[in-house]
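K.L.:
Any chance you could fold what I've pasted below:
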Amino acid sequence: MSQKKPNNNIRCRVQSCEYHCENCDYCSLSSIQVEPCQDCHTGNAAGESMCGSYHCCK
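P.N.:
Now for the predicted structure:
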């Protein structure tokens, strides 16, 4: 298993993502795609967008 290099410009606390760097809350990708949530426009920040680059750990 290779060691992931944290990208200090992308903070992430989603531990179930394959790209999450354990123990430092950063993403190891060089960039991410932010996608709108389905049926958004609620004005609630948690419901407006999500990381489109997310990939579940196996």
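
K.L.:
I'd like to check what contacts the longest strand anywhere in the chain. Which residues are they?
P.N.:
Under DSSP state E, the strand in the chain containing the largest number of residues is strand 7-11. Strand 7-11 has contacts (C-beta atoms under 8 Å, 6 or more residues apart in numbering) with Asp25, Tyr26, Cys27, Ser28, Leu29, Ser30, Ser31, Ile32. For glycine as for every other residue, the C-beta is placed from the backbone atoms N, C-alpha and C.

K.L.:
Nearest spatial neighbour of the first one, chain-adjacent residues omitted?
P.N.:
So that's Asp25. Spatial nearest neighbour of Asp25, excluding adjacent residues (C-beta to C-beta, 6 or more residues apart in numbering): Arg13 at 5.1 Å.

K.L.:
where does that neighbour land in three-state SS?
P.N.:
coil (DSSP: H, G, I helix; E, B strand; the rest coil).

K.L.:
so what pLDDT did Ser49 get?
P.N.:
Per-residue confidence at Ser49 stands at 86 (pLDDT).

K.L.:
tell me the contacts of the residue lying closest to it once chain neighbours are set aside?
P.N.:
Take Ser49 and drop its neighbours on the chain: the residue closest to it by C-beta to C-beta, 6+ apart is Val34, 5.3 Å away. Contacts for Val34 were tallied using C-beta under 8 Å, 6+ apart; they are Ser49, Met50, Cys51, Gly52.
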